[in-house]
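J.: Predicted model, plus sequence, below.
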Amino acid sequence: MDGQRRALAFAAPVTAPGDYIVLRAEMDAVVAFSACPQDILPINGKQTPPTEAHYEVIT
């Protein structure tokens, strides 16, 4: 969301190769995961090839 215009904003990501996040679920959770398959807007640059994404469940 663009807070000033109160509209959806489509900005380029600010991540770099090797960046990661760690999430901790404090209750049962269902998680959906996507490697940014945006094919409508060129947010990730033009002619960007598919990118691998990995996840790990730690118990």
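T.: Everything's here; your move.
J.: pLDDT averaged over stretch 26-40 - what is it?
T.: Here stretch 26-40 scores 78 as its mean pLDDT.
J.: 45 is where my numbering starts, stick with that
T.: Taking 45 as the first residue, the last one we looked at is stretch 70-84.
J.: End to end on it, go ahead and measure it.
T.: Stretch 70-84 has an end-to-end distance of 35 Å (CA to CA, to the nearest Å).
J.: Give me the neighbour count for V66.
T.: 6 (other CB atoms under 10 Å). (Each C-beta comes from the backbone N, C-alpha and C, glycine too.)
J.: what kind of secondary structure is it in?
T.: Three-state assignment for V66 (DSSP: H, G, I helix; E, B strand; the rest coil): coil.
J.: Need the pLDDT of it.
T.: pLDDT, V66: 89.
J.: Please report how far it lies from E100.
T.: Per CB to CB, to the nearest Å, V66 is found 10 Å from E100.
J.: just M71 next, same as before
T.: If you measure M71 against E100 using CB to CB, the figure is 19 Å.
J.: again, but for R50
T.: Distance, R50 to E100, using CB to CB: 37 Å.
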